[in-house]
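Visitor: Following is a predicted model, sequence given first.
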Amino acid sequence: MKKTSFGLQRLYVWYVFWGVLVSLGIFLGLWQWERAADKRVLLAAREAAPSVKSPLTMPVEGSELHLQGEYLANHTLYLDNRIVDGHLGVAVLTPFRDTSDQLWLIQRGFIETGPSRAAPQADTPEGVVSVSGEWQVARSGGPLYGKNREGLRLQQISLTPWESTLPAFTYAGWLHADQGEGVFTPWWEANVMPPSRHLGYAFQWWGLALAATVVMVLGGRRLRKDSLAKDSLAKDSLTKDSFTGC
């Protein structure tokens, strides 16, 4: 069996290595392209989300809700480490029972606490009130390093902390209130990266894949040329040795 030369082995490794990088760049570009399409659908859905008064079914993401009912002030918790205009504080989270006996979680806005770790306090109106805001469907808040709840403070907004003290919330999500009684300084904005950003990332990845292709081809030609030159020198050397031995 003919033994593969060291030069050809280097050439194979070179093409495999750069081929993997090119494929990865193409794949990541396609992934960002698909994310851009998903974001266009999401933005269109948010723009088309309805304004609903006292809904009796699960609201659509981004819907503007108008509720009437009572705050359950004794069950208020606080979303920790919010910053508004350079001021450190918390967001007030209070369960709310509407006039149809549905249970909601209301994110009532920002209050300043400064660096103090004392238990926050927020005034809550009594009796029937009206509150409006944008509905956000519950989803994972990302990794946690430690417990979510520390006293009255939460590191991530979630429905879980109320499971042991209240019946289940009627719908899996929360209302980011911006108008109504008991509403403080609004701070929340939907974090939706524009499709153009994903398209930019896609073209960056494809640009890197193209650059890697150029390096692969040019470098491969150079390695092949060097390998052929070394093989030619080796053959000439063998031929010379054979003549010398005659």
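Guide: That came in fine, so what should we check first?
Visitor: which residue ranges form the strands in this protein?
Guide: All strands of the chain, identified by DSSP state E, fall at 51-53, 64-71, 77-84, 87-98, 103-112, 129-137, 149-150, 153-154, 173-180.
Visitor: Enumerate every residue touching the residue nearest to the spatial centre of the chain.
Guide: Taking C-alpha atoms, centre = their mean, the centroid of the chain lies closest to residue 142, which sits 8.3 Å from it. The contact partners of residue 142, by C-beta atoms under 8 Å, 6 or more residues apart in numbering, come to residue 156. The way it works is simple: take the backbone N, C-alpha and C, and place the C-beta from them, glycine included.
Visitor: on that earlier part again, right, and the strands of the chain - which one's nearest residue 27?
Guide: strand 129-137 (29.2 Å; C-beta to C-beta).
Visitor: quick one, helices of the chain?
Guide: For the chain, the helices defined by DSSP state H cover 6-47, 195-245.
Visitor: which stretch in the ones you listed has the least confidence?
Guide: Among the helices of the chain, helix 195-245 has the lowest mean pLDDT, at a mean of 79.
Visitor: how near is the closest residue to residue 186 other than its chain neighbours to residue 144?
Guide: Once flanking residues are discounted, residue 186 sits nearest to residue 178: 4.4 Å by C-beta to C-beta, 6 or more residues apart in numbering. Applying C-beta to C-beta, to the nearest Å, the value for residue 178 to residue 144 is 27 Å.
Visitor: So these two - more neighbours on which side?
Guide: Neighbours per residue (other C-beta atoms under 10 Å) separate residue 178 from residue 144, with residue 178 holding more: 19 against 11.
Visitor: Touching, that one and residue 185? I think so.
Guide: No: between residue 178 and residue 185 there is no contact under C-beta atoms under 8 Å: 9.6 Å.
Visitor: Now for the two: what residues contact both?
Guide: Contacts common to residue 178 and residue 185, judged by C-beta under 8 Å, 6+ apart, are residue 109.
Visitor: Residue 87: how many residues sit nearby?
Guide: By the criterion of other C-beta under 10 Å, residue 87 has 13 neighbours.
Visitor: That one touches residue 112, doesn't it?
Guide: Yes: between residue 87 and residue 112 there is a contact at 4.8 Å, judged by C-beta under 8 Å.
Visitor: Return the set of residues that bridge with the closest residue in space to residue 80 that isn't next to it in sequence.
Guide: For residue 80, ignoring the flanking residues on the chain, the nearest one in space by C-beta to C-beta, 6+ apart is residue 153 at 4.2 Å. Under the criterion DSSP bridges, residue 153 forms beta bridges with residue 78, residue 150.
Visitor: what about residue 153, distance to residue 47?
Guide: Following C-beta to C-beta, the distance that separates residue 153 from residue 47 is 34 Å.
Visitor: re earlier: now do the residue nearest to residue 80: how many residues are near it, please.
Guide: 17.
Visitor: Now do the contacts for residue 181.
Guide: Here residue 181 is in contact with 125, 129, 130, 131 (criterion: C-beta under 8 Å, 6+ apart).
Visitor: how about the helices of the chain in JSON lines, adding mean neighbour count and distance to residue 65?
Guide: Putting the helices of the chain into JSON lines (neighbours: other C-beta atoms under 10 Å; distance: least, C-beta to C-beta, whole Å) gives the following:
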{"stretch": "helix 6-47", "mean neighbour count": "15", "distance to residue 65": "14"}
{"stretch": "helix 195-245", "mean neighbour count": "13", "distance to residue 65": "26"}
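Visitor: No further queries at this time; thank you.
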